[in-house]
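Visitor: Below are the sequence and a predicted model; questions follow.
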Amino acid sequence: MDVQLAIRARGITKCFGDVVALDGIDLDVAQGQIHGLVGPNGAGKTTLLGLLLGLAVADSGSLEILGTPVGRALTAAEGVSGFVDGPGLYPWLTARQNLAALAALRGHDARTAGIDDVLHQVGLTDVADDRARGFSLGMRQRLGLAAALLTRPRLLVLDEPANGLDPAGKKHVHGVLSRLAEEGTTVVLSSHRMDDLEALCSEVTIVATGRVVFSGPLGKLAAENRELDYRLLTGDARAARRLAADTPGIQVVDDAGTRHDADMLVVRALVPALDALVVRLVRDGIALRELAPLVSPLEAAFLSLTEQQELAEQQELTEQQELTGQQELTEQQEAGL
Amino acid sequence: MTATVTAPRPTKARGVSMARGYRFELVKLVSQWRIRLLLLVCWIAPALFVAAVSRQSSLPVDTLFGRWMHATGWAGPLVTLGFAGSWALPLLTSMVAGDVFASEDRLGTWRHLLVAVRSPRRIFAAKTLAGLTVILLLFAGLVCSSTAGGVVAVGDQPLPGLDGHLLTPGDAAVKVLLAWVCVLAPTLALAAVGLLGSVALGRSPMGLLLPALVALAMQLAQLLPLPVAVRLALPGYAFIAWNGLFTDPVQLGPLLISLAVSLLWAVTATALAYRLFLRRDFTNPAHDGAGRGAVATAVLPLVALMAVTVGALAPTSTGTGSGIEQKKVQRAVATAFAHLYRLQTTQLHRPAVTEKQLKASAACTKGDVSDDAKGPGNDWRCVVSWHLPGVEATGSAIYQLDITADGRFLADGDGPKEVNGYFLVRTPTGDEPNPLWQFDGTVGLLATP
């Protein structure tokens, strides 16, 4: 299968002084895909998005965006739009004026640039003539998205686009992004909201301490990650529990009394073991009404990464403390104390 | 296995044209209420101020040309110019140029702008030109408004120059315009310093205040008894050097030097701002421009420029002296007296006399020093002598002089009431201000052959 790539990054490294923000990042994003970028704070997501938007250049590595190799100049590739760290709006201008100024900057006539259309798409028609100064965070996010849409991008890069959105706003934004992807626009978005990413993204990349620790389809996460907790609702809970206990690789998590009703069974397993359990349930004639992970694979992976990072930091701290203690002891011994 | 291919036809990014970027920046600037208010004030307030002051009985005699505001409408724009050079222009450049880059830091819009424009170079150029346009609009407002206020309220009469010679209304108009144009050079230097501060200091309030602080520092420096070379090497000296336009002959040397220095500062500070801006990393969230390195990069080259300029100008001046010397003072006082005596002669309808016939001369001392007196101070005393055709006796009048370090002086008459001892003279049409009672003048600071 041939896949046209909107983004192709190889060995991207970016440092800020002594801080390594990106450490040999490889990334492939196919055209027309909504690709999620997730990782703990300080993982390097914003830096990576900044490189895609042409806000910085990598110290080393190669980057191609929409088929164009990115050079050393601070310039966004043609067809790329979006925002990082929130949209840039001028508070003393109205929503329409903000967009009109942007359209004029691009050489479009404000009347024919599709300002009303994009305002309608993001659900801001009613406040089009209000100054951006009074906008809530969610409204600002939507106006930022409208500004990005105005340029009819082929690659849309968004940093936390769902920040501050109410359910209606979220629905608008999700609808817009899904429609864009259907029309062939590639969307790269970072978010800490796993439900958004799972609802929108076909593939995700997880970044930690400047490195890619996972990149691929969401479904692959469960297989590659550690065991997950799954919730099973069956026709015969007692029989299902017995069967689960007898199935290799399945661990029954006994917390039904605290979190779930009596008909619900919670098991911890890898995907192959879970598949085996489902086969056995069906073979034994036990109806399987519901099967879902308690925590999504993406969230589990994210939490796992965070925990690993915390553990690594704690370990590093402990090692430093031990080293300092040893040095002090040596100094005291040398001083004859 | 999945084969991956990239799109075969690379497309080069097209940036936003310079004209559109400029228009975008201009729209952003003039849509701010603060800028609109400044424009309104600059186009209205000077006219009201000049008209109001010109109709008052007491005039701002401490300000250059202030004492002539009743006599001619051309004094008004020059009084405004003196005030603008000290306060208005530094503050205006602070509020426009000092904020033009910092405002994007404050609003967090840099990334948005870079993605939209796709060229930091064009952003810099567009912002600089838009800021310059607004500053020029404000500047034009000060010129037009103050001139209109003066000419409408008082009229288009001749203007006495700083050496007392009378400028025809046409000459006065040209020189007033030239004086304002000359002041544009230090204004551009301050604007460039503002741009530099705005880029280097980011959202720090110091960035906004920098041109005003630099202007204040330069004004304080001009009050000190600095060597002439240092004085001329300051980019704000053109705020004073325009005075030389109103002498005959024009004191062109200091004026041209100060213009060159101001423009050099404007170009250097803009280039430094450009360099700093292009080196900025817009993905580093901690970076808002206000780095110690950035400040050093901005300040050190300007200090070096100052040092080089002082070195280059040293041969034009008399070593470490102030440039204020006894012979120059005597010449300036005698010349001004002769010109103003003719003016008084006309007022009093006395027989016409020329400067050549008057043969005015001055003998000046400073404190107890009678030979080779030099330096600024309010202890200068000059005895002016003159001759009238057909009169054997020599006229004599005394003046107390207060000479400031920048070469300007106020001569306060202390002699016969009908010459320079009283602030009014009795003319056939009534009492009029006595031009010889007190007058302003200027001493050229450069070494004369």
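Guide: Yep, it's here.

Visitor: Over in the stretch 101-250 of chain B, which residue gets nearest chain A? Let me know.
Guide: Residue nearest to chain A within the stretch 101-250 of chain B: residue B:112 (2.3 Å; Cβ to the nearest Cβ). From N, CA and C alone the C-beta is placed, and that goes for glycine too.

Visitor: In a helix, that residue, correct?
Guide: Yes - checked against DSSP: H, G, I helix; E, B strand; the rest coil, residue B:112 lies within a helix.

Visitor: and it, how many neighbours does it have?
Guide: Here the count is done by other Cβ atoms under 10 Å in any protein chain shown, and residue B:112 has 26 residues near it.

Visitor: Wait, residue B:305 touches residue B:267, no?
Guide: No - Residue B:305 is beyond contact range of residue B:267, at 9.9 Å (criterion: Cβ atoms under 8 Å).

Visitor: Which one's more surrounded, the two?
Guide: Remark: of residue B:305 and residue B:267, residue B:305 carries more neighbours, 19 against 14, as counted by other Cβ under 10 Å.

Visitor: Which secondary structure state does the more buried one sit in?
Guide: With three-state DSSP as the basis, residue B:305 sits in helix.

Visitor: now it, nearest residue through space, not along the chain?
Guide: With Cβ to Cβ, 6 or more residues apart in numbering or on different chains as the criterion, residue B:305 has its nearest non-adjacent residue at 5.4 Å, and that residue is residue B:268.

Visitor: With residue A:87 instead?
Guide: Leaving out its chain neighbours, the residue that sits closest to residue A:87 by Cβ to Cβ, 6+ apart is residue A:144, at 2.1 Å.

Visitor: remind me which residues of the chain are low pLDDT?
Guide: Here I'm looking at chain A. For chain A, the stretches flagged by pLDDT under 70 are A:1-3, A:72-77, A:110-111, A:222-226, A:254-261, A:305-306, A:309-310, A:313, A:334-337.

Visitor: try again with chain B
Guide: For chain B, applying pLDDT under 70 flags the ranges B:1-15, B:283-292, B:317-320, B:448-449.

Visitor: Would you state the strands of it in chain order?
Guide: For chain B, the strands defined by DSSP state E cover B:3-6, B:159-160, B:166-167, B:361-366, B:377-387, B:394-403, B:408-414, B:424-427, B:430-433, B:438-442.

Visitor: Using TSV, please lay out these together with distance to chain A and mean neighbour count.
Guide: Shown next, in TSV, are these (distance: least, Cβ to the nearest Cβ, whole Å; neighbours: other Cβ atoms under 10 Å in any protein chain shown):
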stretch	distance to chain A	mean neighbour count
strand B:3-6	5	12
strand B:159-160	44	24
strand B:166-167	46	19
strand B:361-366	58	20
strand B:377-387	51	19
strand B:394-403	49	18
strand B:408-414	44	20
strand B:424-427	55	15
strand B:430-433	50	12
strand B:438-442	45	24
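
Visitor: give me every residue that touches the one residue in the stretch 151-300 of chain A that gets nearest to chain B.
Guide: For the stretch 151-300 of chain A and chain B, the shortest gap (Cβ to the nearest Cβ) falls at residue A:151, measuring 7.9 Å. By Cβ atoms under 8 Å, 6 or more residues apart in numbering or on different chains, the contact set of residue A:151 is A:81, A:102, A:106, B:116.

Visitor: for residue A:44, same thing?
Guide: Residues near residue A:44 by Cβ under 8 Å, 6+ apart: A:14, A:21-23, A:25, A:207, A:209-210.

Visitor: what about 7 Å?
Guide: A:21-22, A:207, A:210 (Cβ atoms under 7 Å, 6 or more residues apart in numbering or on different chains).

Visitor: excluding its backbone neighbours, what's nearest it?
Guide: Nearest residue to residue A:44 in three dimensions, chain neighbours excluded: residue A:210, at 4.3 Å (Cβ to Cβ, 6+ apart).

Visitor: What's the local residue count around the closest residue to residue B:20 other than its chain neighbours?
Guide: Spatially, and ignoring its direct neighbours in sequence, residue B:20 is nearest to residue A:105 (5.4 Å; Cβ to Cβ, 6+ apart). Neighbour count of residue A:105, defined by other Cβ under 10 Å: 21.

Visitor: which residues in chain A form helices?
Guide: Listed in chain order, the helices of chain A (DSSP state H) span A:45-52, A:95-105, A:115-121, A:137-150, A:167-182, A:194-200, A:218-224, A:237-246, A:256-259, A:271-283, A:297-334.

Visitor: Of all the ones you listed, which one is nearest residue B:139?
Guide: Taking Cβ to Cβ, helix A:95-105 is the member of those nearest to residue B:139, at 25.8 Å.

Visitor: Show me what that closest one is packed up against.
Guide: On a contact count with 3 or more Cβ pairs under 7 Å, 6 or more residues apart in numbering or on different chains; DSSP states H and E, helix A:95-105 meets helix A:115-121, helix A:137-150, helix B:18-30, helix B:110-117.

Visitor: what does that helix rub up against?
Guide: With Cβ under 7 Å, 6+ apart, helix A:95-105 has contacts from A:89-90, A:93, A:110, A:113, A:115, A:118-119, A:124, A:127-130, A:132, A:143, A:146-147, A:150, B:16, B:20-21, B:23-24, B:27, B:116-117.

Visitor: Taking the residues you listed, please make a ChimeraX selection of just the buried ones.
Guide: Buried subset of the contacts of helix A:95-105, written as a ChimeraX selection, criterion 16 or more other Cβ atoms under 10 Å in any protein chain shown:
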select /A:89,90,93,113,115,118,119,124,127,128,132,143,146,147,150 /B:16,20,21,23,24,27,116,117
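
Visitor: I figured the residue of the stretch 101-250 of chain B closest to chain A was touching residue A:88, is that so?
Guide: Yes - between residue B:112 and residue A:88 there is a contact under Cβ atoms under 7 Å: 2.3 Å.

Visitor: ok, the residue nearest to residue A:87 touching residue A:84?
Guide: No - judged on Cβ under 7 Å, residue A:144 makes no contact with residue A:84 at a distance of 10.3 Å.

Visitor: The two: which is more packed in?
Guide: A count of neighbours by other Cβ under 10 Å puts residue A:84 above the other of residue A:144 and residue A:84, at 26 against 23.

Visitor: Hmm, that one is touching residue A:51, no?
Guide: No - the pair residue A:84 / residue A:51 is not scored as a contact, 10.1 Å apart, by Cβ under 7 Å.

Visitor: and residue 152, how many neighbours does it have?
Guide: Since no chain was named, I'll use chain A. So residue A:152, with other Cβ under 10 Å, has 16 neighbours.

Visitor: The chain in question should be chain B.
Guide: 15.

Visitor: Might you report the residue contacts of it?
Guide: By Cβ under 7 Å, 6+ apart, the contact list for residue B:152 reads residue B:51.

Visitor: That one and residue B:172, how far apart?
Guide: Applying Cβ to Cβ, to the nearest Å, the value for residue B:152 to residue B:172 is 15 Å.

Visitor: do residue B:200 as well
Guide: For residue B:200, the distance to residue B:172 equals 42 Å [Cβ to Cβ].

Visitor: ditto for residue B:315
Guide: In terms of Cβ to Cβ, residue B:315 sits 35 Å off from residue B:172.

Visitor: that older thread, who are the neighbours in contact with the residue nearest to residue A:87?
Guide: So residue A:144 contacts A:83, A:86-87, A:89 (Cβ under 7 Å, 6+ apart).

Visitor: can you redo those residues as JSON lines with distance to residue B:436?
Guide: JSON lines is the format used below for the contacts of residue A:144 (distance: Cβ to Cβ, whole Å):
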{"residue": "A:83", "distance to residue B:436": "71"}
{"residue": "A:86", "distance to residue B:436": "69"}
{"residue": "A:87", "distance to residue B:436": "69"}
{"residue": "A:89", "distance to residue B:436": "65"}
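
Visitor: May I have stretch A:39-57 as CSV, with CA atoms only?
Guide: Taking C-alpha atoms only, stretch A:39-57 is exported to CSV below (Å, rounded to 0.1, in the frame of the first residue of the first chain):
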residue,chain,number,x,y,z
GLY,A,39,2.8,13.2,26.3
PRO,A,40,3.5,14.6,29.8
ASN,A,41,4.2,18.3,30.3
GLY,A,42,7.6,19.2,29.0
ALA,A,43,7.8,16.2,26.7
GLY,A,44,8.5,18.3,23.7
LYS,A,45,5.1,18.4,22.0
THR,A,46,4.9,22.1,21.6
THR,A,47,8.4,22.2,20.3
LEU,A,48,7.6,19.6,17.7
LEU,A,49,4.4,21.5,16.7
GLY,A,50,6.5,24.6,16.4
LEU,A,51,8.8,22.9,14.0
LEU,A,52,5.9,21.8,11.9
LEU,A,53,4.6,25.4,11.8
GLY,A,54,8.0,26.8,10.9
LEU,A,55,8.4,28.7,14.2
ALA,A,56,11.8,27.1,14.7
VAL,A,57,14.3,25.0,12.9
